[in-house]
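Student: Just need the structure, nothing else, for what follows:
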Amino acid sequence: MELDLEKEHYDRAYSLLVNIITPRPIAWVTTISPDGKVNAAPFSFFNLLGANPPILGFCPGDREEGMPKDTARNIRSTHEFVVNLVDEPLAEAMNETAAAVPHGVNEVEMAGLHTAPSTSVKPPRIAESPASIECAEWGTLQIGGNRLVIGLIKRIHVREELYDPATQRILGERLFTIGRMASPHWYCRTQDRFEMIRPH
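Tutor: Numbering: from 1, shown residues only. This is a model prediction of the structure:
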């Protein structure tokens with residue numbers, strides 16, 4: 001079966017792709033507006049893009065009426081953001097912050113969570129997140145109707161029990177993030193894992 005995303009199935013691209021490119025990690029992005037209002041929103045068009053320098057990317061879309069979401073507007077103004085990771089205990093709270101609420105509503109407070117100050121950027125972190133990644137906007141690419149924000153990673157905050165100071169590694173066996181699956185409402189846990197040693 002071949003699906004033509006340039007012609008016949010062009011208008012089905014979103015539905016088809018979000019149902020086969022799974023699981024997708026979730027960037028729970030906190031930003032701050034020029035007048036100091038905190039915003040939090042989750043995005044599953046997200047991933048680590050490189051390590052030298054360390055960069056990540058995510059794609060904040062537009063509201064239904066065509067206006068950029070608060071996340072994109074805030075980054076355009078301040079050029080800073082924080083990506084907070086979502087583990088199983090935070091799934092419901094993250095989902096609450098996906099609601100379309102009026103500009104200026106603090107989704108972190110709305111979800112019953114707390115913020116913590118960042119070190120190198122103005123937007124705060126979500127205190128309950130297992131890991132938060134402070135970023136400066138490297139640039140934003142507009143590709144058709146897609147907006148790709150590329151962030152230069154400046155700092156990582158991680159729960160103490162997730163970090164091994166002897167090896168300077170994250171203890172992945174203690175981090176149980178969730179992933180985005182098929183649209184519109186499906187997610188996955190990451191506790192079912194298997195190991196394969198790479199060949200030399």
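Student: Spatially central residue in the protein, please.
Tutor: Geometric centre of the chain, nearest residue: residue 27, 0.9 Å, by C-alpha atoms, centre = their mean.
Student: and residue 50, that one's in a helix?
Tutor: No: under DSSP: H, G, I helix; E, B strand; the rest coil, residue 50 falls outside any helix and is assigned strand.
Student: How much space separates it from residue 153?
Tutor: Using C-beta to C-beta, to the nearest Å, one obtains 10 Å as the distance from residue 50 to residue 153. The C-beta positions use only the backbone N, C-alpha and C, and glycine is treated the same way.
Student: Correct me if wrong: residue 180 contacts residue 23.
Tutor: Yes: in this structure, residue 180 sits in contact with residue 23. The criterion is C-beta atoms under 8 Å, and the distance is 6.3 Å.
Student: For these two, indicate the residue with more neighbours.
Tutor: Regarding residue 180 and residue 23, a neighbour count based on other C-beta atoms under 10 Å identifies residue 180 as having more, with 21 against 17.
Student: what's the nearest residue to that one if we skip its chain neighbours?
Tutor: Nearest non-adjacent residue to residue 180, counting by C-beta to C-beta, 6 or more residues apart in numbering: residue 44, 3.6 Å away.
Student: quick one, what contacts the one you found?
Tutor: Neighbour list for residue 44: 18, 24, 25, 26, 27, 179, 180 [criterion: C-beta atoms under 8 Å, 6 or more residues apart in numbering].
Student: Could you do residue 187 as well?
Tutor: Counting by C-beta under 8 Å, 6+ apart, residue 187 touches 91, 178, 179, 180, 181.
Student: Can you show me the helices along this structure?
Tutor: Under the criterion DSSP state H, the chain carries helices at the ranges 13-20, 70-78, 91-96, 107-110.
Student: What average pLDDT does the first one get?
Tutor: The average of the pLDDT scores along helix 13-20 is 95.
Student: ditto for the shortest one
Tutor: Average pLDDT, helix 107-110: 95.
Student: And it, what does it pack against?
Tutor: Contact here means 3 or more C-beta pairs under 8 Å, 6 or more residues apart in numbering; DSSP states H and E; on that basis helix 107-110 packs against strand 38-43.
Student: The same query, at a cut-off of 10 Å, please.
Tutor: Judged by 3 or more C-beta pairs under 10 Å, 6 or more residues apart in numbering; DSSP states H and E, the packing partners of helix 107-110 are strand 27-32, strand 38-43, helix 91-96, strand 125-126.
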